[in-house]
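Trainee: Predicted model, plus sequence, below.
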Amino acid sequence: MKVIIVGAGTGGMCLAHGLRRAGIEVAVHERDRTRTTGLHGYRVGISPNGARALKACLDPELFATFVATTAAPYDTLAMLTERYRTLLTMSFDDLPHTGGAPEDREHNVSRMTLRQVLFTGMEDVIAFDRRFAHYEQHPDGRVTAFFDDGSSDTGDLLVGADGAGSRVRRQYLPHATHTETGLVGIGGKTLLTGGTEALLPEPVRNGFGMYFDRRGQFGITHVMRMPWGTSTGVGVTERELVDRWPGLRFDNTTDHVSWAITTSRTLAPADVLEREGADLVALAGELSAGWDARWLELIAASDPGAAVALSIRTADPVPAWTPSTVTMIGDAIHTMTPGRGAGANTALRDARELRDRLVRVRDGELSLLAAVGEYEDLMRRYSSLAVRESLEFMNDDGTARRPLIGPLSVLAQRTGLRVVGRIPAAKRRMARGFQKVRDSELV
Ligand SMILES: Cc1cc2nc3c(=O)[nH]c(=O)nc-3n(C[C@H](O)[C@H](O)[C@H](O)COP(=O)(O)OP(=O)(O)OC[C@H]3O[C@@H](n4cnc5c(N)ncnc54)[C@H](O)[C@@H]3O)c2cc1C
């Protein structure tokens, strides 16, 4: 059996590792020209779903390297107003599964570093600079992927792991559409120094901050502190483990604050998605006019080269389809808003679930089509929950900006959060809600 994966992103590479370790032939085709092309975002929170998938698919030493390259865990999640007034704080100890084995924990990861970890040792498996164009399924059950450079590759299963704009999905399930949420995010990165740390509200200097303003916009800060030099408990320091992998010299290991502001397209200029660099950083500042002066300074101090704008989309529900020799994992089939931090984790879970079933094909326990069908049935169940919950958390219907009702809705939101913050049982319930799609093994 040969598996062809289109896209060397989070899900595609996790699957590739899992298959190769299981002795199944795999080839990955990636459109990026090199392993360091692109910014690929800043921080991703790997949940127990994601960590268990990485543990299952990666070689144990590479999994230890993944753990060693993560930033320090958080102690606090705080929700604040745009003027830095605290509405609610939650200890990460209130979240289920924050302790225990690395595969059962939350991890703060620099996206670029995770990408480099996942490329490690896979040089013979990945072909860069290969943009997938279309595929053909043959009567003998094989499938051929064709690329823009005129090359092709034939195997027994084609896996579209090519992200939200998936060409595999467009050909295979053309009716699987996406909807714009009407929201746009601008993100950036500010190096963490004594000076910039003081620009953060005190409760989130070692944690995760969410800021809600009166116009329905919200901001986020994630502090990324790299614990270099700390013992991993396996006899070597993290620094030593990282130094063993030459590919990681391209990593993103400086302590920093990852920030973002999400706003309605109606508040942003029409060309927001075309803006970049200092212009984009300035726009983030303009959109947060009236926010605490320290927030504005934090944004102004950021690296203009690291600023990105993206429109936030969500996959529409798709009825079940008949399994074949083409399937998909990750954003390619279930793009979701970043609202619950579940996109990458669901992609990783897909990789693990598909790998587990392909191992059973290898062992003669399942036919290939039965394996694909079983994976797709399960994936549709947990991913539709994740898509729905992620949308619920990031769905701006404009209420906050309506006359009269707007200020009332903002007041109600703030009062509600303050009340929850004072009732431990309500806080725990909210924490469990956050984790539902991040630790969804039971779905
Ligand atoms: C601002 C933001 C914050 C987020 N935070 C979180 C978080 O905290 N936790 C979380 O779980 N998720 C988060 N997500 C979501 C997460 O980034 C994605 O869900 C995840 O990266 C999807 O993984 P994937 O493997 O499906 O696709 P990707 O990682 O996007 O990989 C797709 C790959 O396919 C390649 N490709 C695309 N087209 C082609 C082609 N035609 N031919 C060949 N290759 C191609 C791309 O270059 C890329 O390498 C966030 C997303 C955003 C936007």
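Mentor: That came through fine.
Trainee: Run through the residues that contact A56.
Mentor: G18, R352, R355, D356 (C-beta atoms under 8 Å, 6 or more residues apart in numbering). Yep, even glycine has a C-beta here, placed from its N, CA and C like the rest.
Trainee: Find the nearest non-adjacent residue to the second one, please.
Mentor: When you say that, I think you mean R352. A53 (3.8 Å; C-beta to C-beta, 6 or more residues apart in numbering).
Trainee: Kindly provide the distance from the closest residue to G343 other than its chain neighbours to E180.
Mentor: Among residues not flanking G343 along the chain, M336 sits closest, at 5.2 Å (C-beta to C-beta, 6+ apart). Using C-beta to C-beta, to the nearest Å, one gets 13 Å for the distance from M336 to E180.
Trainee: same check, this time on K189
Mentor: For K189, the distance to E180 - C-beta to C-beta - is 26 Å.
Trainee: For the contacts of A56, which single residue is the most surrounded?
Mentor: Top of the contacts of A56 by neighbour number is R355, holding 25 neighbours under the definition other C-beta atoms under 10 Å.
Trainee: mind listing what's buried in the helix or strand hosting that one?
Mentor: Following DSSP states H and E, one finds R355 within helix 343-362. Neighbour counts over helix 343-362 (16 or more other C-beta atoms under 10 Å) mark 343-359, 361 as buried.
Trainee: Please identify the buried residues of the helix or strand following it?
Mentor: Following helix 343-362 in sequence order, the next helix or strand is helix 368-393 (DSSP H and E). Neighbour counts over helix 368-393 (16+ other C-beta under 10 Å) mark 368, 371-376, 378-380, 382-387, 389-391 as buried.
Trainee: Likewise for stretch 162-176?
Mentor: In stretch 162-176, counting by 16+ other C-beta under 10 Å, buried: D162, G163, A164, S166, R167, V168, R169, Y172, L173, A176.
Trainee: Next: stretch 396-413.
Mentor: D396, A400, R401, G406, S409, V410, Q413.
Trainee: and what of stretch 21-37?
Mentor: Within stretch 21-37, the residues that count as buried by 16+ other C-beta under 10 Å are R21, I24, V26, A27, V28, H29, E30, R31, D32, R35.
Trainee: For Q116, see how far away the last one is.
Mentor: What it means is R35. 7 Å.
Trainee: near the ligand, which residues of this structure?
Mentor: 6-12, 29-32, 41, 44-45, 131-132, 161-163, 167, 185, 187, 310, 330-332, 338, 341-345, 347 (C-beta under 6 Å from any ligand atom).
Trainee: Tell me which of those residues fall in strands.
Mentor: Mapping those onto strands (DSSP state E) picks out V6, H29, V44, G45, F132, G185, G187, L310.
Trainee: Excluding sequence neighbours, find me the nearest residue to the second one.
Mentor: Computed as C-beta to C-beta, 6+ apart, the closest residue to H29 that is not its neighbour in sequence is R130, at 4.0 Å.
Trainee: and if you look at the last one?
Mentor: Once its chain neighbours are removed from consideration, L310 has its nearest residue in G185; the separation is 5.5 Å (C-beta to C-beta, 6+ apart).
Trainee: what bridges to T263?
Mentor: V184 (DSSP bridges).
Trainee: Make sure it is actually in contact with A289.
Mentor: No. Counting by C-beta atoms under 8 Å, T263 does not reach A289; the two are 11.7 Å apart.
Trainee: Can you pick out the residue with more neighbours from those two?
Mentor: T263 (24 against 9).
Trainee: ok, now which ones touch that one?
Mentor: L183, V184, G185, I186, R215, Q217, L287.
Trainee: re the thing from before, state the pair within the buried residues of stretch 21-37 that is farthest apart.
Mentor: R21 and R31 (25.1 Å; C-beta to C-beta).
Trainee: Check which helices and strands the helix or strand harbouring G18 sits against.
Mentor: Per DSSP H and E: G18 is located in helix 10-21. Applying 3 or more C-beta pairs under 8 Å, 6 or more residues apart in numbering; DSSP states H and E, one finds that helix 10-21 contacts strand 2-6, strand 25-29, helix 48-57, helix 111-119, helix 343-362.
Trainee: Now that helix: average pLDDT?
Mentor: The predicted model assigns helix 10-21 a mean pLDDT of 98.
Trainee: the inter-axis angle of that helix versus helix 111-119?
Mentor: 20 degrees (axes from the mean of the first three to the mean of the last three C-alpha atoms, to 10 degrees).
Trainee: Helix 10-21: how far from the chain's middle?
Mentor: With C-alpha atoms, centre = their mean, to the nearest Å as the basis, helix 10-21 stands 16 Å off its chain's centre.
Trainee: Also stretch 215-224?
Mentor: 16 Å.
Trainee: how about it: buried residues?
Mentor: Across stretch 215-224, burial judged by 16+ other C-beta under 10 Å covers R215, G216, Q217, F218, G219, I220, T221, H222, V223, M224.
Trainee: Isn't the third one up against L287?
Mentor: Just to be clear, that refers to Q217. Yes. Using C-beta under 8 Å, Q217 makes contact with L287 at a distance of 6.6 Å.
Trainee: Identify the contacts common to those two.
Mentor: Joint contacts of Q217 and L287 (C-beta under 8 Å, 6+ apart) are I261, T263, L267.
Trainee: The first one belongs to a strand?
Mentor: Yes. The assignment for I261, made by DSSP: H, G, I helix; E, B strand; the rest coil, places it in a strand.
Trainee: beta partners of the spatially closest residue to it that is not a sequence neighbour?
Mentor: Nearest residue to I261, sequence neighbours excluded (C-beta to C-beta, 6+ apart): G219, at 4.7 Å. Assessed by DSSP bridges, G219 has beta-bridge partners Y211, I261.
Trainee: In contact with G219, which residues?
Mentor: Here G219 is in contact with E82, G209, M210, Y211, D213, W259, A260, I261, T262, S288, W291, W295 (C-beta under 8 Å, 6+ apart).
Trainee: any idea which element the last one lies in?
Mentor: Spelled out, it's W295. Applying DSSP H and E, one finds W295 within helix 293-300.
Trainee: Go through that helix and flag the buried ones.
Mentor: Those would be W295, L296, L298, I299, for helix 293-300 by 16+ other C-beta under 10 Å.
Trainee: Quick check, E353 in contact with L378.
Mentor: Yes. Using C-beta under 8 Å, E353 is in contact with L378, at 5.9 Å.
Trainee: can I get the buried residues of stretch 162-176 in JSON lines with pLDDT?
Mentor: Formatted as JSON lines, the buried residues of stretch 162-176 follow (pLDDT from 0 to 100):
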{"residue": "D162", "pLDDT": "98"}
{"residue": "G163", "pLDDT": "96"}
{"residue": "A164", "pLDDT": "95"}
{"residue": "S166", "pLDDT": "98"}
{"residue": "R167", "pLDDT": "98"}
{"residue": "V168", "pLDDT": "98"}
{"residue": "R169", "pLDDT": "98"}
{"residue": "Y172", "pLDDT": "98"}
{"residue": "L173", "pLDDT": "98"}
{"residue": "A176", "pLDDT": "96"}
